[in-house]
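Peer 1: give me a model of this one.
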Amino acid sequence: MFMDPALAAQIASRILGADPNEPLLQEMILDAGKELLNVICGQFLTMRFGPEPIFSLGVPRVFPLSAQACNALISSSPISLFKIGAHFLPAYVRVRQKTP
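Peer 2: Numbers count the residues shown, from 1 in each chain. Modelled structure (predicted):
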């Protein structure tokens, strides 16, 4: 997911039940984003491949991207685009086959 920092903070506030006007620690925002990504990936994989345990989710990685890198990824990969309030959230889904 490519998420604007302001949207990440807003989502983290909601996940944590915090006052949206109070600043959160960066670590709290990153952890909430990782949790959101795990929920989304788990739901996607279950919907796509069924409820049998044929996959395992790893720990999501979060890293900043420059606007140029973000635009390059968005323009070269098939993405899904979600609208959250006034924000747009591009997401790229890649499913790798689990090795035995």
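Peer 1: what helix or strand is Pro90 on?
Peer 2: Following DSSP states H and E, one finds Pro90 within strand 87-91.
Peer 1: same question for Phe82.
Peer 2: Secondary structure from DSSP H and E places Phe82 in strand 80-84.
Peer 1: got a list of contacts for that strand?
Peer 2: With contacts defined as C-beta atoms under 8 Å, 6 or more residues apart in numbering, strand 80-84 is touched by Leu7, Ile11, Phe88, Leu89, Pro90, Ala91, Tyr92, Val93. Quick note: C-beta positions are derived from backbone N, CA and C, even for glycine.
Peer 1: wait, the second one sits on Gly33?
Peer 2: Which is Ile11. Yes. Using C-beta atoms under 8 Å, Ile11 is in contact with Gly33, at 7.1 Å.
Peer 1: give me the common contacts of the two.
Peer 2: Residues touching both Ile11 and Gly33 by C-beta under 8 Å, 6+ apart: Met3.
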